[in-house]
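>>> Provided below are the primary sequence and the corresponding predicted coordinates.
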Amino acid sequence: MIVEKHPKQEEQNLSVNDKMSPIVRRISDRLDLNLVGLKGTGIEGQITLNDLMPLISQKKESEKTVMEQESFSTKKIRPLGKNSIKIQNQSDQNGYILEPLNHIRRITGEKLSASKQDIPHFYLSVDCQIDSLLNFKREQQKSEGCSFSINDLIFYAVARTLKKHPNVNSSWSDEGIKIYHNVNLAVAVASNRGLLTPVIRNAESKGILTIASEMKKLKDKVTNDQLDREDLLGGTFTISNLGMYGIQQAIAVINPPQACVLAIGTAERKLFSRDDEIQHASIMNCTLSSDHRVLDGAEASQFLACLKLFLEDPLQMLV
């Protein structure tokens, strides 16, 4: 038996398809929308996206109701209880390893959290061309047979800069701003127990070789877990050098009660313009984080300008 379609029904289906744009047709097919009886509000009765919105909303509400009913039926069959909580906790424990906080990490976390909350940080950054510094290191080691690193030279330059700008070597207190006579450089060093900042004391009065020797001893103590409490106390200014990890620029959190911390990036060969000529140069970024209660932008800028001078022309440090 053959059933023939009514001619009017064929014309109606054709008219609905003809009145849909391709994008409306795709959305309708994807969501399986029933467009029977839908009247378009577009030109010549064309079905638009706005015409589909009520149908899409009804579709979502219907699916939400079905999901809620399925969820309710599941809860009735398998009520949540203590056993379910235990299963969830066991699943959570399989997703991570809990490493207990040691004393160093706990203290560091508490101090730096308080620092970001209580200290109004501001940041200044400068790029330094350190080819002369690298040459100075090579020449000194070749002529005098002495051993020191670029890191040690940076520490020496910072100490000399702080001696010329003592207001940066300071800290905030309720009684007033403390400006320290001696430069006690706290150097950030990674260890198995967390971040440590052993101190090179009276760095402003020490030569490069003395600073290099003391830094080596402190690093050995960190490696062998032999740092004394006194090695970590009394810092007035912190340096964090991440250049050995290939980091181009870092922004450090101030180590209270100090007013500043200097973050050093790696030295990279880059194109550099000088006297209208393009040259290759070793560029190293220095970023100073400062306590705005202690320093203003001009004071911090003067410090960075002096440090840049020393790093780009190391002979200036000897004057």
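Nice, I can see it. Numbering: from 1, shown residues only.
>>> so in this structure, where's the weakest helix or strand by average pLDDT?
The helix or strand of the chain with the poorest confidence is helix 7-18; it has a mean of 50 (mean pLDDT, DSSP states H and E).
>>> residue boundaries of the strands in the stretch 151-300 of the chain?
170-172, 177-179, 185-187, 189-191, 194-196, 199-200, 237-241, 260-274, 277-291 (DSSP state E, counting those that start in this stretch).
>>> D220 versus L227, what's the distance?
According to CB to CB, to the nearest Å, L227 and D220 sit 10 Å apart. All C-beta spots, glycine's among them, are computed from the backbone N, C-alpha and C.
>>> the two: which is more packed in?
Taking neighbours as other CB atoms under 10 Å, L227 and D220 compare with L227 leading, 19 against 11.
>>> pretty sure the more buried one is touching K221, no?
Yes: the pair L227 / K221 is scored as a contact, 4.7 Å apart, by CB atoms under 8 Å.
>>> any shared contact partners between those two?
With contacts defined as CB atoms under 8 Å, 6 or more residues apart in numbering, the residues adjacent to both L227 and K221 are P198.
>>> neighbours around the residue nearest to A300 when sequence neighbours are not counted, how many?
Ranked by CB to CB, 6 or more residues apart in numbering and with sequence neighbours excluded, the top spatial neighbour of A300 is S290, at 4.7 Å. Neighbourhood size, S290 [other CB under 10 Å]: 26.
>>> do the same with L288
Residues near L288, counting by other CB under 10 Å: 22.
>>> which residues touch it?
Counting by CB under 8 Å, 6+ apart, L288 touches 123-125, 260-263, 300, 303-304.
>>> do I have it right that A157 meets P314?
Yes: using CB under 8 Å, A157 makes contact with P314 at a distance of 7.4 Å.
>>> which of those two has more residues huddled nearby?
The residue with more neighbours, out of A157 and P314, is A157; 24 against 21, by other CB under 10 Å.
>>> list the contacts for the residue nearest to G207 when sequence neighbours are not counted?
Nearest non-adjacent residue to G207, counting by CB to CB, 6+ apart: Y156, 7.7 Å away. Going by CB under 8 Å, 6+ apart, Y156 touches 203, 207-208, 211, 317.
>>> neighbour-wise, which of the residues you listed leads?
Sorting the contacts of Y156 by how many neighbours each has (other CB under 10 Å) puts A203 first, at 25 neighbours.
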